[in-house]
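Q: Whatever this is, show me its structure:
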Amino acid sequence: MQKREYQIDGSLFSDLQGFYDHVSERLIPGAEWGRNLNAFNDILRGGFGTPDEGFVLVWINSAESQKRLGYDETQKQLERQLARCDPANRDDMAMDLERVRQHKGSTVFDWLVEIIEVHCEGGDEEDDGVELRLA
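A: Reported below is the predicted structural model:
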């Protein structure tokens, strides 16, 4: 049986909130969800409007997303997180932010791809049957 294919277009969003909006439109239209990284991870498990047996996620214009969800967007997201994170995590978060300001470490794009890959073959949750194609 061929898996259902969903397509997201990196030319149609320019920040993490735009990504969440796009995912809502393309993967789970009409569904309410948390619009955060943990909730995005949950969507990939299936049963939340996505097929339980897995699906193919085709990310077209992914190179554009890699630029738009790069260090500037990552810095913005980490600054938001730092402002509201648990005081016990503040030092680690501040170090992550400093690395990003130096254009080192993972970006928002990397975070998203890593989350998706957890649900792909070879990932910790590969039973979810997700396939990622960057185009």
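
Q: which of the residues in stretch 19-39 are buried?
A: By 16 or more other C-beta atoms under 10 Å, the buried positions in stretch 19-39 come out as 19, 20, 22, 23, 24, 27, 33, 37. Heads up, the C-betas are built off the backbone N, CA and C, glycines and all.

Q: Closest one of these to residue 63?
A: residue 19 (15.0 Å; C-beta to C-beta).

Q: Return the distance of the closest residue to the closest one other than its chain neighbours relative to residue 22.
A: Nearest non-adjacent residue to residue 19, counting by C-beta to C-beta, 6 or more residues apart in numbering: residue 13, 5.1 Å away. Distance of residue 13 to residue 22, computed by C-beta to C-beta, to the nearest Å: 5 Å.

Q: Show me how this protein divides into domains.
A: The chain is divided into the following domains under automatic domain parsing: 4-70+107-134, 71-106.

Q: okay, the ones you listed in a markdown table with mean pLDDT next?
A: Shown next, in a markdown table, are the domains of the chain (pLDDT from 0 to 100):
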| stretch | mean pLDDT |
| --- | --- |
| domain 4-70+107-134 | 96 |
| domain 71-106 | 96 |
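
Q: deepest of those, which one?
A: domain 4-70+107-134 (a mean of 16; mean count of other C-beta atoms under 10 Å).

Q: I am finished for the moment; much appreciated.
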